[in-house]
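Trainee: Next input, structure requested:
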Amino acid sequence: CPENLQKASSGINAEYGGIDAMKAIADAGKKRDISIFNNTISDYNDELKKDPVVQNHLKSLYDNLLEKNLVRIIEPYSRVQIAHVAETINLPYDIVEKKLSQIILDKKFSGILDQGSGVLIVYDGSESDQTYTYALDTITHMGKVVDVLFKKAQKLS
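Mentor: Residues are numbered from 1 along each chain as shown. Next up is the predicted model:
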């Protein structure tokens, strides 16, 4: 019986060699390590490029891992050189800079990129001022009150 199980699993693995690749990708995802993820993609390139659905999920996982790793690296700083972040995460400068700008534009992290000096300036995660929102709500409610009073005044005339 164990021999049959071994033959069956080797047959599955021969048909779709991506099982080992998926295990390795899952391991990289669990460890949250982008370098292991990239190495796995390189090692199992043929198996992973066959399926467009798998490619789409891998791209999504890569973006998620990269984002979380970058945020984890830059959180303790108020100013950090982009080159240092790129060196720490072991990725090219331009990829790191592009992803950092995307993270900032998506408002997942508060800061600005000073491209002239190659520095990311991190802002405190201070809470936004709610005054504007409250003022709009008050104006909306006042408008409703005025409408009701206007209708009552029309009935009296």
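
Trainee: Run the chain-centre distance for the lengthiest helix in the chain.
Mentor: Longest helix of the chain, by residue count under DSSP state H: helix 131-156. Helix 131-156 sits 42 Å away from the centroid of its parent chain (CA atoms, centre = their mean, to the nearest Å).

Trainee: likewise stretch 114-127?
Mentor: Distance of stretch 114-127 from the chain centroid (CA atoms, centre = their mean) equals 18 Å.

Trainee: in that stretch, what counts as buried?
Mentor: 119-120, 122 (16 or more other CB atoms under 10 Å). C-beta here means a position set from N, CA and C on the backbone, and glycine is covered the same way.

Trainee: Please apply the same query to stretch 32-46.
Mentor: Neighbour counts over stretch 32-46 (16+ other CB under 10 Å) mark 34, 36-38, 40-41, 44 as buried.

Trainee: Format those as CSV; extra columns: pLDDT, secondary structure and distance to H57.
Mentor: Output for those, formatted as CSV (pLDDT from 0 to 100; DSSP: H, G, I helix; E, B strand; the rest coil; distance: CB to CB, whole Å):
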residue, pLDDT, secondary structure, distance to H57
I34, 82, helix, 16
I36, 84, helix, 17
F37, 85, helix, 12
N38, 84, helix, 16
T40, 84, helix, 14
I41, 84, helix, 12
Y44, 82, coil, 14
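
Trainee: Identify, from these, the entry nearest to L136.
Mentor: Set against L136, the nearest of the buried residues of stretch 32-46 by CB to CB is I34 (42.0 Å).

Trainee: Number of residues surrounding K98?
Mentor: Look at K98: counted by other CB atoms under 10 Å, it has 12 neighbours.

Trainee: hmm, back to that, what is the most widely separated pair among the buried residues of stretch 32-46?
Mentor: Checking the buried residues of stretch 32-46 against each other with CB to CB, the farthest-apart pair comes out as I34 and Y44, at 15.9 Å.
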